[in-house]
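Participant: give me coordinates for this.
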Amino acid sequence: MNVQRWCAAVAWVLAAPSLAAQDAAPVFAHLAGDWRGEGTLMGRSARFTMSWQHHHGFALLTFGNAFVDSTGRVTPVLQAAAVYRTSPARPEAVWLDSRGVRVEIRWDASDSALVAHWTAPTETGRTTYRVRSADALEVVDEVRRDAGWRTFGTAHYQREVPAR
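Facilitator: Take a look at the predicted model:
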């Protein structure tokens, strides 16, 4: 199943009323909305987009990144979608991306940070979303290597203001 079909199926499921309303971790309320970021990916300049939409105890994350060369040329790298169960009692998510990879996620959160601990078929990592202000986030992606963590992506995001 491609990412677009999966997203459509998830959107349909999330639009249906929830059978049991659950309290979401507070950080999910801050993440809601559309974000644009700049930073580095695998040592290269990059741009990032993400959108968080909340529906009845779930959050849908859509994500994209691209390399940006010195001339400003943009080369897309990855598109993905993830569905998070937002209740701290069931801290889980599933991520599907344009590489064809399915990633299982367990998360923990505070009022100002979400840490997604992920396991893919060939690697283990974590993504940390840190609230810096009402309209700013920092996201750090790390992969487990040997006995430690190696950062492969860092982005500083600004909330997009809807057009009026």
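
Participant: point out where this structure drops to low pLDDT.
Facilitator: 1-23, 162-164 (pLDDT under 70).

Participant: what about the strands in it?
Facilitator: Listed in chain order, the strands of the chain (DSSP state E) span 33-41, 44-55, 58-68, 74-85, 92-97, 102-109, 113-119, 124-133, 136-145, 148-159.

Participant: save those as CSV, and put in mean neighbour count and distance to residue 26 too.
Facilitator: Heads up, the C-betas are built off the backbone N, CA and C, glycines and all. Listed next are the strands of the chain as CSV, based on neighbours: other C-beta atoms under 10 Å; distance: least, C-beta to C-beta, whole Å:
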stretch, mean neighbour count, distance to residue 26
strand 33-41, 17, 15
strand 44-55, 18, 12
strand 58-68, 18, 13
strand 74-85, 18, 14
strand 92-97, 18, 17
strand 102-109, 17, 8
strand 113-119, 19, 10
strand 124-133, 16, 10
strand 136-145, 17, 15
strand 148-159, 16, 17
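
Participant: format these as a markdown table; extra columns: distance to residue 27.
Facilitator: Shown next, in a markdown table, are the strands of the chain (distance: least, C-beta to C-beta, whole Å):
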| stretch | distance to residue 27 |
| --- | --- |
| strand 33-41 | 13 |
| strand 44-55 | 10 |
| strand 58-68 | 10 |
| strand 74-85 | 11 |
| strand 92-97 | 13 |
| strand 102-109 | 5 |
| strand 113-119 | 5 |
| strand 124-133 | 7 |
| strand 136-145 | 10 |
| strand 148-159 | 14 |
